[in-house]
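Asker: Structural data only, the sequence is not supplied:
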């Protein structure tokens with residue numbers, strides 16, 4: 001693994017690099033935080049060991065910028081410093097440092113701390129595996145574009161907002177926010193079991209076909225549950241199961257597959273429900289046009305207390321600028337001028353039982 005060492009003192013920088021090289025790591029060095037950011041921009045380093053006190057940009061500011069979302073992958077940060085009082089430790093950790101080592105350091109301790117960072121980074125492989133499985137399911141429907149990317153970012157934005165509210169602060173922590181980002185792409189994993197004649201049908205589904213489509217929730221949940229039984233206590237698997245099963249439930253109990261209502265619907269599923277519906281409304285499909293953000297917002301607000309948890313609707317409204325930025329970042333190409341939607345009601349893919357398009361628009365009546 002490549003490790004970036006940032007330190008303005010040449011002797012200290014060389015000593016840190018030597019210890020890490022001896023421990024089997026490939027080391028790149030930087031003279032300060034700004035140079036470290038330039039090196040990190042190449043995307044070749046996932047672990048940084050930085051001195052606290054440096055000119056131009058110190059280690060604390062470097063950590064803050066790394067945590068600001070500039071980099072697509074998680075970067076593990078270790079601060080080295082002579083400031084080993086509790087107050088300074090808190091400042092460094094609040095800035096986003098993952099670990100903290102006092103100078104002069106023991107080379108063996110440094111290697112052990114870096115090894116912990118390497119194992120932590122390896123956990124991201126879990127996220128990549130989850131996303132690959134979700135993409136496998138999505139690949140059967142080539143029209144969905146970057147649906148998974150948008151849904152996971154919408155879900156994280158909602159969860160992060162709720163985390164900061166008194167009503168949800170005891171339910172949502174930093175781990176919950178990260179887990180919903182990782183697991184929300186699996187919401188439709190059960191579609192791998194839906195026959196092509198139903199899943200890829202360009203027009204409206206019959207009642208019987210829709211009943212088959214509904215089973216993607218239970219099929220997906222059953223598949224994940226079989227893994228949960230082998231790895232009990234794995235929180236990310238439990239959340240993925242809950243989302244797959246319940247993201248089509250409605251707050252008033254009129255959803256599927258179980259007709260759950262209110263707080264009986266897992267919180268993660270209530271969050272993903274809004275993320276999924278918003279993306280579906282604002283995305284173009286063969287059977288529907290893409291609605292504007294304002295139209296989608298109006299429909300979601302109209303569904304508060306019916307389709308959606310009112311508190312999460314409030315979070316959506318509060319974060320609408322974030323939603324717009326995410327939508328723009330993962331925008332779909334413009335439709336061909338000749339493309340048409342199903343005549344009469346472009347959002348209604350299903351004839352009988354209300355579904356995503358019909359159920360969202362019916363609250364507007």
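Answerer: On my side now, so go ahead. Worth saying up front: this structure is predicted, and the values here are computed from it rather than measured. Numbering: from 1, shown residues only.
Asker: When you work out contacts or count neighbours from here on, use the C-alpha atoms and nothing else.
Answerer: OK.
Asker: Residue 66 reaches residue 75, doesn't it?
Answerer: Yes: between residue 66 and residue 75 there is a contact under Cα atoms under 8 Å: 7.2 Å.
Asker: Let me know how buried residue 72 is, in neighbour terms.
Answerer: For residue 72, the tally of surrounding residues (other Cα atoms under 10 Å) stands at 8.
Asker: Make sure I have this right: it is in a helix.
Answerer: No: assignment of residue 72 by DSSP: H, G, I helix; E, B strand; the rest coil gives coil, placing it outside any helix.
Asker: ok, residue 183 to residue 164 distance?
Answerer: Between residue 183 and residue 164 the distance is 21 Å, computed by Cα to Cα, to the nearest Å.
Asker: What are the boundaries of the helices in the stretch 51-200 of the chain?
Answerer: Using DSSP state H, counting those that start in this stretch, the helices of the stretch 51-200 of the chain run over 59-65, 86-94, 107-122, 124-138, 147-163, 174-183, 196-199.
Asker: What is the least confident helix or strand in the chain?
Answerer: For the chain, counting by mean pLDDT, DSSP states H and E, helix 356-362 ranks last in confidence among helices and strands (a mean of 40).
Asker: ok, the most centrally placed residue in the chain - contacts?
Answerer: Against the mean C-alpha coordinate of the chain, by Cα atoms, centre = their mean, the closest residue is residue 181 at 2.1 Å. Residues near residue 181 by Cα atoms under 8 Å, 6 or more residues apart in numbering: 152-153, 155-156.
Asker: where are the low-confidence patches of this structure?
Answerer: 85-87, 122-129, 131-132, 135-145, 286-287, 333-365 (pLDDT under 70).
Asker: Nearest to residue 303, out of the helices of the stretch 51-200 of the chain?
Answerer: Closest to residue 303 of these, according to Cα to Cα: helix 147-163, at 16.6 Å.
Asker: Packing partners of that closest one?
Answerer: Applying 3 or more Cα pairs under 8 Å, 6 or more residues apart in numbering; DSSP states H and E, we find helix 147-163 packed against helix 174-183, helix 267-281, helix 310-318, helix 320-329.
Asker: looking at the ones you listed, which is buried most?
Answerer: Ranked by mean neighbour count, the helices and strands packed on helix 147-163 are led by helix 267-281 with a mean of 25 (mean count of other Cα atoms under 10 Å).
Asker: Please tell me how far the next helix or strand after that one is from the chain's geometric centre.
Answerer: Remark: after helix 267-281, the chain's next helix or strand is helix 293-302, criterion DSSP states H and E. Taking Cα atoms, centre = their mean, to the nearest Å, the mean C-alpha location of helix 293-302 is offset from the chain mean by 23 Å.
Asker: One more: stretch 211-225?
Answerer: Worked out by Cα atoms, centre = their mean, stretch 211-225 lies 22 Å from the chain centre.
Asker: Counting neighbours, which bits of it end up buried?
Answerer: Within stretch 211-225, the residues scored as buried using 16 or more other Cα atoms under 10 Å are 212-222, 224-225.
Asker: For residue 242, grab the count of nearby residues.
Answerer: Neighbour count for residue 242, taken as other Cα under 10 Å: 25.
Asker: Isn't it up against residue 270?
Answerer: No: the pair residue 242 / residue 270 is not scored as a contact, 10.0 Å apart, by Cα under 8 Å.
Asker: From the structure, what's the count of residues near residue 60?
Answerer: 24.
Asker: What of residue 289?
Answerer: Neighbour tally, residue 289, other Cα under 10 Å: 20.
Asker: Mind putting the helices of the stretch 51-200 of the chain into CSV with distance to residue 292?
Answerer: Shown next, in CSV, are the helices of the stretch 51-200 of the chain (distance: least, Cα to Cα, whole Å):
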stretch, distance to residue 292
helix 59-65, 33
helix 86-94, 39
helix 107-122, 39
helix 124-138, 24
helix 147-163, 16
helix 174-183, 24
helix 196-199, 25
